[in-house]
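Undergrad: Can you look at this prediction? I've put the sequence above it.
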Amino acid sequence: MIDFMPDHHALRNLAERFVQEEINPHAKEWERDRQLPTRSLFKRMGELGLLGINKPPEYGGLGLDYSYQAVLAESLGLLTSAGVALAIGVQTDMATPALARYGSDELREEFLRPAICGEQIAALGVSEATGGSDVSAIKTWARRDGDDYVINGSKMWMTNGCQADWICALVNTREIDPKQPVRIPLDKSLIVIPTDRPGFSIGRKLEKLGMHCSDTAQVFFDDVRVPSRFLIGGEGRGFPYQMKQFCDERLSISLSTIASMHDTLRRTIDYTSSRPVFGGTILSNQAVQFRLSELHADVEVLRAFAWRTVEQFVAGRDVGQETAILKLKTGRLVRRVNDECLQLWGGMGFMDETVVAQRYRDQRLISIGGGPDEVMLQIISNSLGLDRMATSKSGK
């Protein structure tokens, strides 16, 4: 396990105080307005050094290892609006890790530095209307034209998409022979696309079941021209870069959600211990005590696995299987925690004003966003070699 240092605890105190004092008091208003003041929020986080914890110091980051970023992710679990955590997570763990790892010095100076200080908003463009879970099936193209790429296509379900200054977009850049099976597709690249370029447009702001304050957009590229130097790393390396970036995303999502489950349980224990019913309190029933105890035990086990995965990630190991397992089990457990806790709140649990009701709506996304449960199961299956074993046993 990670050996927590005084700096870990200092960071946690800073982040939790920021959440409780500067975000949660405004969360209901932002949810009601269905709009997050992302620019002012990110500017404040940039001032506190919270947007570049594990990013290179030469571009404004703190240069710390991922265990410190994990501490921030857990602190965001105390947010009463998961939509705020999602918007922040895109900036820190979804749209910028590949740029920080593989981008040229010039590219990082131009786009990573302002993202770290909160002056620019980033978004990740991977999913498309015709290829949500199947990343290999994206249709957006970036074709070379001299020293430029000319981009055509669209992206769907893009968090921060209505306010983003630039997009880390996965696009096709090469033709490949469909008859030649490859283990890693080499036809895709990650390219930074500024949203002020001619030909870029927002199709619509999407209305969602939850995460109301987090803006989500469908966007279009119509002959959008960007310099070829906006390519992140090598051409044709976008797929493995994005798979690595997905590990950051799934770790961040899971750590934040696990912490929020602890908070939901704490709130539920407080409520049931003070709510009188049938001559006692709801919590005075042993069945309720056992129910909450088992949920607590399940969350604790999952948190231990999450931090073991963080430790492996910090050590530079491939954690593709571990992050898939973690996100799968987190998405399924949070649905159970939110459902069972809401039930114990009774009629109050069905009221929009309660945190448990909001989390019930918001966190249904955990089993969908960043790769749905079915994709996580496919990753786990492939890592175990089950597909190859099934083929060899069948004689095909």
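TA: Noted; the coordinates are in hand.

Undergrad: Quick check: buried residues in stretch 23-36?
TA: The neighbour-count criterion (16 or more other CB atoms under 10 Å) identifies 23, 24, 27, 28, 30, 31, 35, 36 as the buried residues of stretch 23-36. Quick note: C-beta positions are derived from backbone N, CA and C, even for glycine.

Undergrad: pLDDT and secondary structure added to those, as CSV?
TA: Converted to CSV, the buried residues of stretch 23-36 look like this (pLDDT from 0 to 100; DSSP: H, G, I helix; E, B strand; the rest coil):
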residue, pLDDT, secondary structure
23, 98, helix
24, 98, helix
27, 96, helix
28, 95, helix
30, 97, helix
31, 96, helix
35, 94, coil
36, 97, coil
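
Undergrad: Now for the residues you listed: which two are most distant?
TA: Across those, the longest distance by CB to CB is 16.9 Å; it joins 24 and 35.

Undergrad: Helices of the stretch 251-396 of the chain, start to end?
TA: Counting by DSSP state H, counting those that start in this stretch, one finds helices in the stretch 251-396 of the chain at the ranges 286-314, 320-345, 355-362, 373-383, 386-394.

Undergrad: just so I know, which of those helices lies nearest residue 274?
TA: Comparing the helices of the stretch 251-396 of the chain under CB to CB, the one sitting nearest is helix 320-345, at 11.9 Å.

Undergrad: In terms of secondary structure, what does that closest one contact?
TA: helix 238-274, helix 286-314, helix 355-362, helix 373-383 (3 or more CB pairs under 8 Å, 6 or more residues apart in numbering; DSSP states H and E).

Undergrad: so can I have CSV of these showing distance to residue 100 and mean pLDDT?
TA: Below are these laid out as CSV (distance: least, CB to CB, whole Å; pLDDT from 0 to 100):
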stretch, distance to residue 100, mean pLDDT
helix 238-274, 10, 97
helix 286-314, 14, 98
helix 355-362, 28, 98
helix 373-383, 24, 96
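
Undergrad: if we can go back for a sec, tell me the one among the buried residues of stretch 23-36 nearest to residue 387.
TA: residue 36 (41.1 Å).

Undergrad: Verify the stated contact: that closest one with residue 216.
TA: No. Applying CB atoms under 8 Å as the test, residue 36 and residue 216 come out as separate, 11.2 Å apart.

Undergrad: so which of the helices and strands packed on helix 320-345 comes closest to residue 327?
TA: Judged by CB to CB, the one of the helices and strands packed on helix 320-345 that comes nearest to residue 327 is helix 238-274, at 4.2 Å.

Undergrad: How far does the closest one sit from its chain's centre?
TA: Chain-centre distance of helix 238-274: 9 Å, with CA atoms, centre = their mean, to the nearest Å.

Undergrad: That helix relative to helix 286-314, how many degrees between them?
TA: Taking axes from the mean of the first three to the mean of the last three CA atoms, to 10 degrees, one finds that helix 238-274 is oriented at 150 degrees with respect to helix 286-314.

Undergrad: List the buried residues of helix 238-274.
TA: For helix 238-274, burial by neighbour count (16+ other CB under 10 Å) applies to 238-242, 244-265, 267-269, 271-272.

Undergrad: Would you confirm that residue 26 belongs to a helix?
TA: Yes. Using DSSP: H, G, I helix; E, B strand; the rest coil, the assignment for residue 26 is a helix.

Undergrad: The residue lying closest to residue 208 once chain neighbours are set aside: how many residues sit nearby?
TA: Closest residue to residue 208 in three dimensions, ignoring its sequence neighbours and counting by CB to CB, 6 or more residues apart in numbering: residue 216, at 6.1 Å. Residues lying near residue 216 (other CB atoms under 10 Å) number 23.

Undergrad: Against residue 158, how distant is residue 216?
TA: Between residue 216 and residue 158 the distance, using CB to CB, to the nearest Å, works out to 7 Å.

Undergrad: Now residue 29: phi and psi?
TA: The phi and psi torsions at residue 29 (degrees, to the nearest 10) take the values phi -60, psi -40.

Undergrad: Distance check, it against residue 81.
TA: 10 Å.

Undergrad: Check residue 94 too.
TA: Applying CB to CB, the value for residue 94 to residue 81 is 18 Å.

Undergrad: For the helices of the stretch 251-396 of the chain, could you give me a markdown table that also reports distance to residue 130 and mean neighbour count?
TA: Formatted as a markdown table, the entries for those read as follows, by distance: least, CB to CB, whole Å; neighbours: other CB atoms under 10 Å:
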| stretch | distance to residue 130 | mean neighbour count |
| --- | --- | --- |
| helix 286-314 | 32 | 16 |
| helix 320-345 | 24 | 21 |
| helix 355-362 | 26 | 22 |
| helix 373-383 | 16 | 16 |
| helix 386-394 | 24 | 10 |
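
Undergrad: need the ones you listed in TSV with distance to residue 202, can you?
TA: As requested, the helices of the stretch 251-396 of the chain are arranged in TSV below (distance: least, CB to CB, whole Å):
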stretch	distance to residue 202
helix 286-314	34
helix 320-345	28
helix 355-362	23
helix 373-383	27
helix 386-394	39
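
Undergrad: Find the least confident helix or strand in this protein, judged by mean pLDDT.
TA: When each helix and strand of the chain is scored by mean pLDDT, DSSP states H and E, helix 386-394 comes last, with a mean of 77.
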